[in-house]
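K.L.:
below are the sequence and a predicted model for it; my questions follow.
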Amino acid sequence: MARKMLIDGELEKPNEEKTQYDFDLFVIGAGSGGVRASRFSAQYGAKVGICELPFHPISTEVIGGVGGTCVIRGCVPKKILVYGASFGSELEDARGYGWELNERIDFNWKKLLLKKTEEIVRLNGIYKRMLANAGVKLFEGEGKVVGPNEVEVNQLDGTKISYSAKHILIATGSRAQRPAIPGQELAITSDEALSLEELPKRAVILGGGYIAVEFASIWRGMGASVDLCFRKELPLRGFDDEMRAVVARNLEGRGVNMHPRTTLTELVKTEDGIKVRTDHGEELLADVVLFATGRTPNTKRLNLEAVGIELDKNGAVKVDEYSRTNIPSIWAIGDVTDRMNLTPVALMEGTCFAKTVFGEQPSKPDYSHVPCAVFCIPPLSVVGLSEEQAIDQANGDVLVFTSTFNPMKNTISGRQEKTVMKLVVDGETDKVLGASMCGPDAAEIIQGIAVALKCGATKAQFDSTVGIHPSAAEEFVTMRSVSRRIAAGKPKNNL
Amino acid sequence: CVLRGCVPKKLLVYASKYSHEFEESCGFGWKYAAEPEHDWSTLIANKNAEIQRLTGIYKSTLKNAGVELIEGRGKIVDPHTVDVDGKLYSAKNILISVGGRPFIPDIPGSEYVVDSDAALDLPSKPKKIAIVGGGYIAVEFAGIFNGLQSDVHVFIRQKKVLRGFDEEIRDFVGEQMLLRGIEIHTEQSPQAIIKSSDGSLSLKTNKGTIDGFSHIMFATGRKPNTKNLGLESVGVKLKENGAIEVDEYSQTSVPSIWAVGDVTDRINLTPVALMEGGALAKTLFANKPTKPEYRAVPSAVFSQPPIGQVGLTEEQAIKEYGDVDVYTANFRPLKATLSGLPDRIFMKLIACAKTDKVLGLHICGEDSPEIIQGFAVAVKAGLTKADFDATVGIHPTAAEELVTMRTPTRKLRRTPSEGKTDSEFKAAAGV
């Protein structure tokens, strides 16, 4: 093991301010959080080094890539596949508008995958350039924490190099977990799902979260038969119950076979495909079985325990409000801290970290009113409190305004799929506590709503805004009648 | 709105967008054995069925509210009397909301010209169409006919389309229209339409004559429908263009007569007419005098790509506020990187340098109208750029760009002045 010499060769003196480090900041993990933190820290004048595993669309414990989950095997490729799948129903709808199309329109999965791969490779290159342009030094290899101010990078040729750093930032993200079901090796996770050789004809998906629901929509949109198995009564636990029901109804309407209150007990390889057994005794046959049962923080190989960094029971790095671990020189952001696992939140955490540590402006990431979206077809997007959360948290009555309608486009295409939009309002203050929508363009619509909500906009302010016509979004500013009023102190149900 | 405006327009826009979507889908793996073809008559028939259905709904809405609907042409006889096809009705208050109609200049051959009403109901799709006009109606129809595979030529008096809109938006949408194959003939004024023996039409302008059009459409403005309503004799004051003059409460010069909507030519948008109507009802019958509020009214143009805007243009902001920071983004959306099409999105945020208030937002690209609505709530509420920046983005979307614009593209500052009328600006380098 080679040890890089300290530039000054000085003896290390405890509490000595003048200690020379190789870097002011060393970041382990070049995903959304790591890249943001590196660049912004460098902009504040810090000398920054970052290490990342070699690139491949499918991750392992030792394979990753600059750009991280979002760019390589998350948000971006997912959205590309959703676009690809959405065309299927769009083409059907075109007929009502007078378009004459063949009965069958061919879909070439391999072509889409190729273009997807081209795009993520292009973005991977862009991220590398961004780091270079910011003056951040990028090392390829697996990083481990060796001491409060020391990181060891295991390079591709097997050699290990140590770097000293005033601050260390852990931003290694998370990976899909696989439940311990007999035959689990026959199943895939989202990594593989985004890089399949062939489009499955029959897919079985285990999971009820956004990843499961999105893949159900993607494969169904491309013509596959899809069975979605989830533990609860409805998918998307944690979201507003009314909206969960809308998503479920839409999935069903689009032909996804829904299996609520179901889990899988066994997978067996057969000639006809993978035989899947559920806990209801049902048997399904699949070409592909997708486990979308959650993601766990990537902390196993970082050597954190040896350094004394505290983890929670899921293996996530514990941090304070400034993203600092229990070791003062070591910090962590992004999915590895398991706070809110969204790219824009990792970006926020990275920005605040850089400001705090190098920008002389201690900044805490603000987790209130963070909007998000589930890109099922049609999509769901929410910001603020769900109806259940509002009832739980509000002091006074909660007013619920909903608008349910068949969007204009569907009136001609003949598609029966209602859009649902909802505002949850505090009866006492008139503040809009939460907004949600399930329908075409939901995510694009909710972004602006989120700005208003974050700043405490009232229903009256919403109502005083003139609508844009014709649009779906205008419904948010024209909800005049209360759908229901829940008096303060009412108990809630758990679905 | 329902019969020959917003609704049928939007349906035709939906229909015409598909040709672009077919092209886009190829980059995503979809393959067509044959080029999709469009049948105009199917579209118009379905469109007409839908607007019939909506008419029925409007009638029911009136009925359910207990409003008596009388079919016929209304005319004012005196401050409290209306004549409908010969029958007289007396009223404590009279509201005039007769809207506007397309205006076509009286030039030789104007009888061969179609307006937007007729364009929405043509018996067959135009093969080659000249659209005279540069406003939103002209631009929307250009997109519609272009998307339905007609050969489209737009003739405008100015150098760019959409006068009154933010200059950069005008540039951007013009470019995008050209990329989609629409030909824009600038600085041309129509002088005559000539019909040839084979039935095709020629358009003569100050710059020359172009032949071979199957249709010529004029989208050269709309005028209030105030002719022959008895207004002059009852003393209701009109403006030069025929619009009814009203005060902030929509009251005319005759105390018992009121007017709302396009006939008053304030902001000619359906949601504004709705606002004016709602305010009037409150004023007259809820004992709550209410003035419609015209600040920060968002609007959209359903061009292809569409535009969404709220607040001031850059030019207006500079005039009113002096020191402004302008943030712009011009990018290729994720969809386009795969489709390979030259689609782009342009976004602009204008902030007051002194107070950080967001003065205006202008975007042009897919989904712009849907995106702008939520932001309009923020702009109306007087929120700042810092408020925008504190909002976490939704990823991946186009809209998130509006909350992640970090560096001003230009900072405009009024030079330290000699006089109040002196308004010289210099653009300082961005941070």
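P.N.:
That came in fine, so what should we check first? Numbers count the residues shown, from 1 in each chain, chains lettered A, B, ... in the order given.

K.L.:
from B:Gly230, how far out is B:Trp258?
P.N.:
Going from B:Trp258 to B:Gly230 by C-beta to C-beta, to the nearest Å gives 15 Å. Backbone N, C-alpha and C define where each C-beta goes, glycine included.

K.L.:
again with B:Gly109
P.N.:
Applying C-beta to C-beta to B:Gly109 and B:Gly230 gives a distance of 34 Å.

K.L.:
excluding its backbone neighbours, what's nearest whichever residue of chain B sits closest to chain A?
P.N.:
Residue nearest to chain A within chain B (C-beta to the nearest C-beta): B:Gly374, separated by 2.4 Å. Leaving out its chain neighbours, the residue that sits closest to B:Gly374 by C-beta to C-beta, 6 or more residues apart in numbering or on different chains is A:Gly448, at 2.4 Å.

K.L.:
which one of B:Trp258 and B:Gly230 is surrounded by more residues?
P.N.:
Remark: of B:Trp258 and B:Gly230, B:Trp258 carries more neighbours, 23 against 16, as counted by other C-beta atoms under 10 Å in any protein chain shown.

K.L.:
what is the three-state secondary structure of the more buried one?
P.N.:
Under DSSP: H, G, I helix; E, B strand; the rest coil, B:Trp258 falls in the strand class.

K.L.:
give me the pLDDT for it.
P.N.:
In the predicted model, B:Trp258 carries a pLDDT score of 98.

K.L.:
my read: it touches B:Ala281, true?
P.N.:
No: B:Trp258 lies out of contact with B:Ala281 (C-beta atoms under 8 Å); the separation is 10.4 Å.

K.L.:
and the nearest residue to A:Val425 once chain neighbours are set aside, how many neighbours?
P.N.:
Once flanking residues are discounted, A:Val425 sits nearest to A:Leu399: 4.3 Å by C-beta to C-beta, 6+ apart. For A:Leu399, the count of nearby residues is 21 (other C-beta under 10 Å).

K.L.:
which ones are touching the residue nearest the centre of chain A?
P.N.:
The residue lying closest to the centre of chain A (C-alpha atoms, centre = their mean) is A:Leu342, at 4.4 Å. Neighbour list for A:Leu342: A:370, A:372, B:392, B:395 [criterion: C-beta atoms under 8 Å, 6 or more residues apart in numbering or on different chains].

K.L.:
could I have the buried ones of these as ChimeraX selection syntax?
P.N.:
Of the contacts of A:Leu342, the buried ones can be selected in ChimeraX as follows, counting by 16 or more other C-beta atoms under 10 Å in any protein chain shown:
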select /A:370,372 /B:392,395
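
K.L.:
could you report the neighbour count for A:Glu252?
P.N.:
12.

K.L.:
now do A:Thr69
P.N.:
27.

K.L.:
just to check, it is in contact with A:Val336?
P.N.:
No: using C-beta under 8 Å as the test, A:Thr69 is too far from A:Val336 to be in contact (11.0 Å).

K.L.:
okay, and the common contacts of these two?
P.N.:
What both A:Thr69 and A:Val336 touch, as defined by C-beta under 8 Å, 6+ apart, is the set A:173-174.

K.L.:
what about the worst-scoring helix or strand of chain A on mean pLDDT and chain B, any contact?
P.N.:
Least confident helix or strand of chain A, by mean pLDDT, DSSP states H and E, is strand A:106-107 with a mean of 90. Yes: judged by C-beta under 8 Å from any C-beta of the partner chain, strand A:106-107 comes into contact with chain B at A:106-107.

K.L.:
other residues contacting that strand?
P.N.:
A:84, A:88, A:199, A:222-223, B:29-33.

K.L.:
now the element after it, going C-ward?
P.N.:
Next in sequence after strand A:106-107, counting helices and strands by DSSP states H and E, comes helix A:109-133.

K.L.:
so what strands line up beside the helix or strand that that next one is followed by?
P.N.:
Per DSSP H and E, the first helix or strand lying C-terminal to helix A:109-133 is strand A:137-147. Next to strand A:137-147 in the sheet, as set by DSSP bridges, lie strand A:48-52 (parallel), strand A:150-155 (antiparallel).

K.L.:
now for the longest helix belonging to chain B, which elements pack on it?
P.N.:
Taking DSSP state H as the criterion, chain B has its longest helix at helix B:40-64. If contacts are counted by 3 or more C-beta pairs under 8 Å, 6 or more residues apart in numbering or on different chains; DSSP states H and E, helix B:40-64 sits against helix A:408-413, helix B:6-26.

K.L.:
worst mean pLDDT among these?
P.N.:
Lowest mean pLDDT within those: helix A:408-413, a mean of 94.

K.L.:
run through who's touching it.
P.N.:
Residues contacting helix A:408-413 (C-beta under 8 Å, 6+ apart): A:92-97, A:415-417, A:440, A:470, B:7, B:10-11, B:14-15, B:46-47, B:50, B:53.

K.L.:
please identify the deepest-packed of the strands paired with strand A:137-147.
P.N.:
Greatest average neighbour count among those goes to strand A:48-52 (a mean of 27), per mean count of other C-beta atoms under 10 Å in any protein chain shown.

K.L.:
starting at the chain centroid, how far to that one?
P.N.:
Here the centre of strand A:48-52 is set off from its chain's centre by 23 Å, with C-alpha atoms, centre = their mean, to the nearest Å.

K.L.:
can you check stretch B:70-82 too?
P.N.:
Relative to its chain's centre, stretch B:70-82 lies at 31 Å (C-alpha atoms, centre = their mean).

K.L.:
secondary structure element holding the one residue in the stretch 251-400 of chain A that gets nearest to chain B?
P.N.:
With C-beta to the nearest C-beta, the shortest gap between the stretch 251-400 of chain A and chain B falls at A:Pro344, namely 4.1 Å. Secondary structure assignment for A:Pro344, by DSSP H and E: helix A:343-358.

K.L.:
just the element for B:Leu101, please.
P.N.:
Heads up, residue B:101 is Arg, not Leu. strand B:100-102.

K.L.:
how about residues contacting that strand?
P.N.:
By C-beta under 8 Å, 6+ apart, strand B:100-102 touches B:115-117, B:218-225, B:262-263, B:265, B:268.

K.L.:
show me these that map onto strands.
P.N.:
B:218, B:222-224 (DSSP state E).

K.L.:
adjacent strands (with direction) for the strand holding B:Arg101?
P.N.:
Here, using DSSP bridges, strand B:100-102 pairs with strand B:222-224 (antiparallel).

K.L.:
can you tell me the average pLDDT over the strand it pairs with?
P.N.:
Strand B:222-224 comes out at a mean pLDDT of 97.

K.L.:
how far off centre is that strand?
P.N.:
On C-alpha atoms, centre = their mean, the centre of strand B:222-224 falls 14 Å from the chain's centre.
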